[in-house]
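Got a predicted model here, sequence first, then my questions.
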Amino acid sequence: MIRHDKVHAICCTGANLEEDLFNLVAQKHYERIPHYRELTVQNEQDLLHRHLNRVTDTCIPEAEAMRRIEAAITTEWAAADEAGVRAFPHQFLYKLLINGRLKEHYQIDPADSWMCAAAERNLPLFVPGWEDSNLGTMYAAHCITGAVRNVYTVRSGVEYMMHLAEWYLKTAKDNSIGFFQIGGGSPVIFLSVSYRC
C-alpha cells in the first residue's frame with residue numbers, strides 16, 4: 001500500500017517502528033514459542049541466558065537484532081549530536097535504510113519491509129511513544145554515558161504530536177483524511193483522499 005501511494009502517513013508505537021527493522025536484519029535468528037503460556041521459570045531463564053527477548057510467542061535475538069541496529073543507529077545519533085542537528089527517531093532509521101548501512105545484514109526481502117517502503121517514500125511517521133521502546137531505552141543509556149551529549153538530539157514524543165497536528169491541519173486543507181487502524185496498539189494509517197467528503 002505504501003509503495004502504491006495509498007498510505008500518506010503512519011502513527012505507530014516505537015515497537016512497531018523497530019520490530020520491522022529487527023526482523024529485517026535478524027529474521028533467521030528469531031525463535032517461535034507456540035506454547036509460551038506453559039513456559040516455566042526455568043524455561044524463561046534459559047531464553048534469557050541465550051539472549052532471546054521473548055514477546056509473547058516470539059523471541060527476538062538480542063545480538064543479531066537489537067544490538068546490530070543499536071550499533072548502526074548510535075553512529076547516526078553521535079554524528080547528529082556532534083553537528084548540532086536534531087531529528088525524529090524515524091528519520092534516523094530512514095537514513096540507515098537509505099544509505100544502505102544495514103543492507104549486508106538483510107535476512108528478508110526489503111520489499112516485505114514496511115519501513116523500507118516508508119523510507120523510500122520519506123513517508124511522514126509519527127511515533128509519540130518512542131521513548132519507551134528498546135531503541136528509546138538505548139538512546140537514554142547513550143545520553144547517560146555521555147556518548148550523546150544533547151538529550152534533545154532525538155526529538156521528543158511531544159514534538160511528534162505537535163508535528164502530527166501540523167501535518168493534519170496542512171493536509172486537511174486540500175484533502176479529507178481517512179484513518180485506518182490495524183488492531184489495538186497497531187499503527188494508525190492516514191489515507192489522504194483527493195476529494196472533499
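Structure's in. What do you need?

Do I have it right that residue 1 meets residue 118?
No. With contact defined as C-beta atoms under 8 Å, residue 1 does not count as touching residue 118 (10.7 Å). Where C-beta positions appear, they are placed from N, C-alpha and C, glycine not excepted.

When those two are compared, which one has more neighbours?
More crowded of residue 1 and residue 118, by other C-beta atoms under 10 Å: residue 118, with 24 against 11.

What helix or strand is the more buried one located in?
Assessed by DSSP states H and E, residue 118 sits inside helix 114-121.

Now name the helix or strand holding the nearest residue to residue 158 once chain neighbours are set aside.
Nearest non-adjacent residue to residue 158, counting by C-beta to C-beta, 6 or more residues apart in numbering: residue 128, 7.6 Å away. Counting by DSSP H and E, no helix or strand carries residue 128.

what's around the closest residue to residue 161 other than its chain neighbours, how many residues?
Nearest in space to residue 161, with sequence neighbours left out and distances taken as C-beta to C-beta, 6+ apart, is residue 128 at 5.1 Å. Around residue 128 there are 18 other residues, counting by other C-beta under 10 Å.

List the residues that contact residue 5.
residue 121 (C-beta atoms under 8 Å, 6 or more residues apart in numbering).

pretty sure it is in a helix, no?
No. Counting by DSSP: H, G, I helix; E, B strand; the rest coil, one finds residue 5 to be coil, located in no helix.
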